[in-house]
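Novice: I would like to see how this sequence folds:
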Amino acid sequence: MDPIEQFRTERAAAIDGYGRDGDFKALSNRWREASMAKRYVYNFDWMGRPIIQYPQDIVAMQELIWATRPDLVIETGIAHGGSLIMSASLLAMLDMCDAIEAGVSFDPSRSKRKVIGIDIDIRPHNRAAIESHPLASRIQMFEGSSIDPDIVTQVREASAGYSRVMVCLDSMHTHAHVLAELEAYAPLVTAGCYCVVFDTLVEDMPAGFFDDRPWDVGDNPKTAVHEYLKSHPEFEIDRSVQNKLMVTVAPDGFLKRL
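Specialist: Take a look at the predicted model:
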């Protein structure tokens, strides 16, 4: 067997085994609960902006973007802007790789690829930091509720003309809100690309763990995902991603459009 293919085959077998390893999964879940209690996900930056994610999920996003090569990434929930900057930087790397492979030069300040960010409250200091970042030309922001019909219409209009679209949902984490986001934005996802629903882990945490938030067990992104999938067979959960990560905020949240 080709040695590269052999490596991939052996790795896939190990990952599949993780998904059936109850002890490993229980250990990972205990670590995830402890790390959430200590706000571990707040510790990291991407190119100078705070990105509230596990490093494992950051690597997963890089792998998905490289594998699917989107020209548009739509994200709900901006916060400090680290995720927007990360997506913009990964799209910029795709531009550079395309240029190298084609043997052409290009203006890095101009790109056919773009990131759209939506948030109900873009705080002035965060907006200023994002707009002054070197990758700002690749980012378009909308301020308003991600499920407001006017915002949905504006985002759909801004998405026109793009051929490979990825969506990431990470704003309000109640069942109703995430289900409405899925209905609004998942149809924009291109076949073969992903809709990533973050913070589905709420369903797996002890009841009342996020006692200062309106979401809890039974009312969260994972319950919304499972409800959405009942009537949307064009999507399936790609559990190979969560089995690989073992520690993720998005169990059952990596949705691949078929």
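Novice: Only C-alpha atoms from now on, for both contacts and neighbour counts.
Specialist: OK.
Novice: buried stuff in stretch 5-15?
Specialist: By 16 or more other CA atoms under 10 Å, the buried positions in stretch 5-15 come out as Ile15.
Novice: For it, the averaged confidence score.
Specialist: Average pLDDT, stretch 5-15: 97.
Novice: can you check stretch 225-234 too?
Specialist: Stretch 225-234 comes out at a mean pLDDT of 98.
Novice: got the CA coordinates for it in PDB?
Specialist: C-alpha atoms of stretch 225-234 as PDB (Å, rounded to 0.1, in the frame of the first residue of the first chain):
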ATOM      1  CA  VAL A 225     -29.600  20.100  15.500                       C
ATOM      2  CA  HIS A 226     -31.500  16.900  16.200                       C
ATOM      3  CA  GLU A 227     -34.800  18.600  15.600                       C
ATOM      4  CA  TYR A 228     -33.600  20.200  12.300                       C
ATOM      5  CA  LEU A 229     -32.200  16.900  11.000                       C
ATOM      6  CA  LYS A 230     -35.600  15.200  11.300                       C
ATOM      7  CA  SER A 231     -36.800  17.200   8.200                       C
ATOM      8  CA  HIS A 232     -33.500  17.900   6.500                       C
ATOM      9  CA  PRO A 233     -32.000  14.600   5.100                       C
ATOM     10  CA  GLU A 234     -29.700  16.700   3.000                       C
END
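Novice: Just the buried residues of that stretch, please?
Specialist: 225, 228.
Novice: quick one: that stretch to chain centroid distance?
Specialist: 18 Å (CA atoms, centre = their mean, to the nearest Å).
Novice: try stretch 2-15
Specialist: The answer for stretch 2-15 is 26 Å, by CA atoms, centre = their mean.
Novice: Then stretch 98-116?
Specialist: Taking mean C-alpha positions (CA atoms, centre = their mean), stretch 98-116 and its chain are 22 Å apart.
Novice: which parts of that stretch are buried?
Specialist: So for stretch 98-116, counting by 16+ other CA under 10 Å, buried means 113-116.
Novice: Please apply the same query to stretch 25-39.
Specialist: If you call a residue buried by 16+ other CA under 10 Å, then stretch 25-39 has these buried ones: 25, 28-29, 32-33, 36.
Novice: what comes into contact with it?
Specialist: 18-19, 41, 205, 246-248 (CA atoms under 8 Å, 6 or more residues apart in numbering).
Novice: thinking again about what came up before, next, format the buried residues of stretch 25-39 as a markdown table and append pLDDT and distance to Asp121.
Specialist: Formatted as a markdown table, those follow (pLDDT from 0 to 100; distance: CA to CA, whole Å):
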| residue | pLDDT | distance to Asp121 |
| --- | --- | --- |
| Lys25 | 96 | 36 |
| Ser28 | 97 | 33 |
| Asn29 | 96 | 32 |
| Arg32 | 97 | 28 |
| Glu33 | 97 | 28 |
| Met36 | 97 | 24 |
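Novice: Which secondary structure elements does the helix or strand where Val225 lies sit against?
Specialist: Val225 is part of helix 221-229 when elements are defined by DSSP states H and E. Judged by 3 or more CA pairs under 8 Å, 6 or more residues apart in numbering; DSSP states H and E, helix 221-229 is in contact with helix 175-185.
Novice: ok now do Ile116, which residues does it touch?
Specialist: 72-75, 84, 139-142, 155.
Novice: how far away is it from Tyr185?
Specialist: 12 Å (CA to CA, to the nearest Å).
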